[in-house]
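Asks: Starting from these lines, generate the structure:
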Amino acid sequence: MVRGPADPVAPPDRIGRTSTPEAAAAGDYDGRVLARRRAPQEGQRTGTPDDQRAYEIDDLDKGIIGILKSDGRASNVEVGRLLGVTETTIRKRIANLLALGLIEIVAVPTPKLAGFTLSAIMGLNVNLERLRDVSKVLVTLPEVRYCGLSTGRFDIMIEAFFSSHEHLLEFSTDKVGSIDGVVKVETFLILDISKFSYEWEIDLP
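Replies: Now for the predicted structure:
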């Protein structure tokens, strides 16, 4: 994850541990802005909910976000040129959006880079007294990209990626099946992905 008001959009060799220069050069990652809120990581600097509610993004902020969504590696100078303002203005605006936790600038490896060619949605029924304990274990598993507590037929829904059917079988039986509190797992294999996005759609000029 790339953060820092002085250099908010880093070149591939500075994008952090989510990618490598070789992978970046091969185009196996997405450098993009996520206009979303996410649970803060340890040491991450974010604004409070009150700060976020008090700040209303204007057309300049939307313009910055729109450009960085298209090219997460665009420089402050280039963004400023496109929007007709100075580099300093862009740098301060991006620093403010980052500090408030309203955007994140990240490098996102694709499943292909990790060798994951198979994806599945899995619905779990669990003992309700163990609901959050099961969730805490699931989020530590590297195959899991999404985990949410849900109403309806399942208690927990996860999305996970795998390198093979054997990998999926091992994950379902040895990893998920062994978690204390899991009663039943139903797996929905994804045959084709029509859309795979990390972004919130927001109104941009």
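
Asks: domain parsing for this protein?
Replies: Taking automatic domain parsing as the domain assignment, the ranges for the chain are 12-109, 118-190.

Asks: Mean neighbour count for these - can I get that in TSV?
Replies: Heads up, the C-betas are built off the backbone N, CA and C, glycines and all. Output for the domains of the chain, formatted as TSV (neighbours: other Cβ atoms under 10 Å):
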stretch	mean neighbour count
domain 12-109	16
domain 118-190	15
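
Asks: between those domains, which gets the lowest average pLDDT?
Replies: Lowest mean pLDDT of the domains of the chain: domain 12-109, a mean of 70.

Asks: Using TSV, lay out the domains of the chain together with distance to residue 197.
Replies: TSV is the format used below for the domains of the chain (distance: least, Cβ to Cβ, whole Å):
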stretch	distance to residue 197
domain 12-109	10
domain 118-190	12
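
Asks: And the strands in this protein, which stretches?
Replies: Remark: strands assigned in the chain by DSSP state E are 29-34, 104-109, 118-126, 144-149, 156-162, 182-190.

Asks: Would you tell me which of those gets closest to residue 57?
Replies: strand 29-34 (12.6 Å; Cβ to Cβ).

Asks: still on that earlier bit, turn the strands of the chain into JSON lines, columns for distance to residue 55.
Replies: Below are the strands of the chain laid out as JSON lines (distance: least, Cβ to Cβ, whole Å):
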{"stretch": "strand 29-34", "distance to residue 55": "17"}
{"stretch": "strand 104-109", "distance to residue 55": "16"}
{"stretch": "strand 118-126", "distance to residue 55": "35"}
{"stretch": "strand 144-149", "distance to residue 55": "27"}
{"stretch": "strand 156-162", "distance to residue 55": "31"}
{"stretch": "strand 182-190", "distance to residue 55": "38"}
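
Asks: Might you report the residue contacts of residue 148?
Replies: Neighbour list for residue 148: 156-158 [criterion: Cβ atoms under 8 Å, 6 or more residues apart in numbering].

Asks: closest to residue 75 among those?
Replies: Of the contacts of residue 148, the one sitting nearest to residue 75 (Cβ to Cβ) turns out to be residue 158, at 37.9 Å.

Asks: got a list of what the closest one touches?
Replies: 121-122, 124, 138, 144, 146-148.

Asks: Now flag whichever of those is closest to residue 86.
Replies: Nearest to residue 86 among these is residue 146, at 39.6 Å by Cβ to Cβ.

Asks: Make sure the closest one is actually in contact with residue 159.
Replies: Yes: contact status for residue 146 versus residue 159: in contact at 4.0 Å, counting by Cβ atoms under 8 Å.

Asks: Okay, residue 150 and residue 127: tell me how far apart.
Replies: Distance, residue 150 to residue 127, by Cβ to Cβ, to the nearest Å: 15 Å.

Asks: Next: residue 138.
Replies: Separation of residue 138 from residue 127 (Cβ to Cβ): 14 Å.
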